[in-house]
Structure formats: structure tokens, C-alpha cells
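J.: The following block contains a protein sequence and its predicted model.
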Amino acid sequence: MVIIGAAWRKPPLPTLFLSILTAALVALFAQGQSFANVVDTLVNGFKPEMLGQGVTLNEQATAIVSRGGLYSMASAVLITLCVFMFIGALDVIDAMGTVVGKAFHAIRSRPGTILASLISAAFVNGFSSNQYATSFIVGAAFGPKYDEARIPRKVLSRSIEDYGTFIEPMLPWTTTGIFMVSTLGVAYADYLPFMFLQITNFIVAPVLALTGIGCFYKEVDRRQVEAGAGSTVQVDGQAD
């Protein structure tokens with residue numbers, strides 16, 4: 001269901017809920033699971049003993065399927081709530097707008113604005129060690145700046161991804177960096193040279209910002225022209 005929803009470009013939340021419902025129905029009517037097991041899986045995640053006697057899984061398969069449930073999302077939800085409270089407090093006192101305005105007041109160009117958001121995403125992720133915080137903080141701080149520079153917000157989303165998400169596994173003190181080391185079982189210095197996508201992206205993202213390739217400037221300019229034309233027609237109509 002998730003693949004079908006993604007292929008048809010359906011909204012993510014209804015697609016996920018429909019996928020969960022489909023999986024629950026399959027477990028109930030096709031796999032013979034009890035309603036109690038289905039509810040327990042939704043809350044606490046899947047357990048191999050739910051398969052019944054005579055069914056065994058190897059260690060690798062057990063590690064893959066023994067996860068999930070609402071409780072497994074507790075840390076992510078808690079972090080998100082804390083970030084929202086933090087951002088709300090900053091928004092009330094206009095801290096983010098003030099910081100961005102003071103730090104990047106000399107930046108007027110579109111490429112400069114994008115580069116500033118890239119650098120900010122990297123620094124915030126490095127200091128916070130959390131991509132959730134980076135996405136919310138940088139997004140809220142640079143949203144008005146992008147609007148002022150007439151840059152689509154989807155470019156801001158991509159910039160946060162480029163220098164926020166991508167840098168996290170390259171920093172050994174972040175949660176992703178720790179997970180990478182523990183999962184791969186190799187030292188940080190050993191796998192770092194093989195992170196070709198991240199290394200390449202650190203070059204490609206600034207190049208796109210400087211050249212304007214893939215920055216969708218024309219979309220904003222076209223909308224502004226259409227909005228200006230519409231307001232002109234309305235004023236003329238009132239004058240008549």
C-alpha cells in the first residue's frame with residue numbers, strides 16, 4: 001500500500017493509515033493472528049513468539065522484525081514536542097528572525113540566501129546532534145528569508161536535507177553516527193571515506209545554489225507576475 005500510494009502521489013498520512021489497516025486485516029484473516037496480538041503489535045511492536053510453536057526465525061530475521069509499535073516512537077515524539085515548545089518560545093520573542101537578520105543582514109542575493117541556509121543547517125545539526133531539531137529550527141528561521149528573496153520553500157527543504165540530514169552520519173557524536181558505527185561494526189574513520197553520496201553532495205549543493213540550477217526561481221516570479229496582473233484587473237474593474 002505504501003508503494004502504491006507513493007507511486008500515485010497520494011497524501012502520506014492516509015496512505016500510512018491504510019497500510020496499517022491492511023496489514024492488520026491480513027494478520028487477522030490470512031495469518032490467523034488473534035486480535036490481542038494485532039493490538040499488542042501496534043502498541044509494543046512485533047514479537048517472534050506471536051508466530052506460534054514450530055515457527056522459528058534466525059537471529060538476523062528476528063532483529064529485523066522485532067521492532068515497531070507506538071512505544072518505539074516515544075523518543076521521536078518527545079523530541080518533536082520539545083522542539084516545538086522550543087521553537088514556539090523563540091517565535092514569541094522573534095529570536096530566530098533577529099538572529100538570522102543580524103547574522104545574514106548583508107546577504108541580499110538568492111544564491112547567498114541558499115548558501116546561508118546550507119551552512120546554518122550543518123551547524124545546527126552539529127550542535128544539536130538531532131535532525132528533527134535541525135529541520136524545525138532552520139526551516140522556521142529561513143522561511144521568511146526565502147519568501148523575501150522569492151525562493152520557493154521546497155528549495156529550503158532540499159537545503160536542509162543537503163547539509164542537515166546528509167551531514168548527520170558523518171558526525172560521530174550524533175545519534176545517526178553512533179548508529180552507523182554500532183551497526184556496521186567498523187570504526188568511524190574506516191567508513192567515512194566511502195560516504196560518496198554525502199561527500200559529493202557537499203560540492204553539488206553549493207554549485208546548484210550559485211548557478212541557480214534546480215532552484216525554481218521562475219515559479220515564484222511567474223506567480224508574482226500573475227498575482228500582479230490579477231490585482232491590476234481588479235483595480236481597473238473597480239475604477240470602471
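T.: In hand now; what should we look at?
J.: residue boundaries of the strands in this structure?
T.: Ranges of strands in the chain, per DSSP state E: none exist.
J.: so where's it uncertain?
T.: Within the chain, the stretches with pLDDT under 70 are 53-54, 97, 183, 218, 220-240.
J.: how does it divide into domains?
T.: Domain assignment for the chain by automatic domain parsing gives 2-73, 74-235.
J.: Format those domains as CSV; extra columns: mean neighbour count.
T.: To be clear about C-beta, it is placed using only N, CA and C from the backbone, and glycine gets the same treatment. Listed next are these as CSV, based on neighbours: other C-beta atoms under 10 Å:
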stretch, mean neighbour count
domain 2-73, 12
domain 74-235, 16
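J.: Tell me the spacing between the spatially closest residue to residue 57 that is not a sequence neighbour and residue 33.
T.: In this structure, residue 57 finds its nearest non-sequential neighbour in residue 48, 5.3 Å apart by C-beta to C-beta, 6 or more residues apart in numbering. According to C-beta to C-beta, to the nearest Å, residue 48 and residue 33 sit 13 Å apart.
J.: Could you do residue 161 as well?
T.: Distance of residue 161 to residue 33, given as C-beta to C-beta: 38 Å.
J.: what does residue 87 give?
T.: The gap separating residue 87 from residue 33 is 41 Å, by C-beta to C-beta.
J.: Off-centre distance for stretch 129-138?
T.: 9 Å (C-alpha atoms, centre = their mean, to the nearest Å).
J.: who's in contact with that stretch?
T.: If you take C-beta atoms under 8 Å, 6 or more residues apart in numbering as the criterion, stretch 129-138 is touched by 76, 79-80, 83-84, 86-87, 90, 96, 117, 120-121, 124-125, 128, 156, 160, 164-165, 168, 171, 173-176.
J.: Apply 10 Å and report the result again.
T.: The contact list for stretch 129-138, computed with C-beta atoms under 10 Å, 6 or more residues apart in numbering, reads 76, 79-80, 82-84, 86-87, 90, 96, 100, 117-118, 120-128, 156-157, 159-161, 163-168, 171, 173-178.
J.: Also stretch 64-73?
T.: Contacts of stretch 64-73 (C-beta under 10 Å, 6+ apart): 40-48, 50-51, 57, 77, 80.
J.: As TSV, these with distance to residue 105 would be great.
T.: Below are the contacts of stretch 64-73 laid out as TSV (distance: C-beta to C-beta, whole Å):
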residue	distance to residue 105
40	55
41	53
42	50
43	50
44	51
45	49
46	53
47	56
48	58
50	59
51	62
57	59
77	37
80	31
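J.: Restrict stretch 65-85 to CA atoms and write it as PDB.
T.: Extracted in PDB, the C-alpha atoms of stretch 65-85 (Å, rounded to 0.1, in the frame of the first residue of the first chain):
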ATOM      1  CA  VAL A  65      11.100  -7.900  12.500                       C
ATOM      2  CA  SER A  66      11.300  -7.400  16.300                       C
ATOM      3  CA  ARG A  67      10.600  -3.700  16.300                       C
ATOM      4  CA  GLY A  68       7.900  -1.100  15.600                       C
ATOM      5  CA  GLY A  69       4.900  -0.200  17.700                       C
ATOM      6  CA  LEU A  70       3.800   3.100  19.200                       C
ATOM      7  CA  TYR A  71       6.200   2.900  22.100                       C
ATOM      8  CA  SER A  72       9.200   2.700  19.800                       C
ATOM      9  CA  MET A  73       8.300   6.200  18.600                       C
ATOM     10  CA  ALA A  74       8.200   7.600  22.100                       C
ATOM     11  CA  SER A  75      11.700   9.200  21.900                       C
ATOM     12  CA  ALA A  76      11.000  10.700  18.400                       C
ATOM     13  CA  VAL A  77       7.600  12.100  19.600                       C
ATOM     14  CA  LEU A  78       9.200  13.500  22.800                       C
ATOM     15  CA  ILE A  79      12.000  15.200  20.800                       C
ATOM     16  CA  THR A  80       9.400  16.600  18.400                       C
ATOM     17  CA  LEU A  81       7.300  18.000  21.200                       C
ATOM     18  CA  CYS A  82      10.300  19.600  22.900                       C
ATOM     19  CA  VAL A  83      11.500  21.100  19.600                       C
ATOM     20  CA  PHE A  84       8.000  22.600  19.000                       C
ATOM     21  CA  MET A  85       8.000  24.100  22.500                       C
END
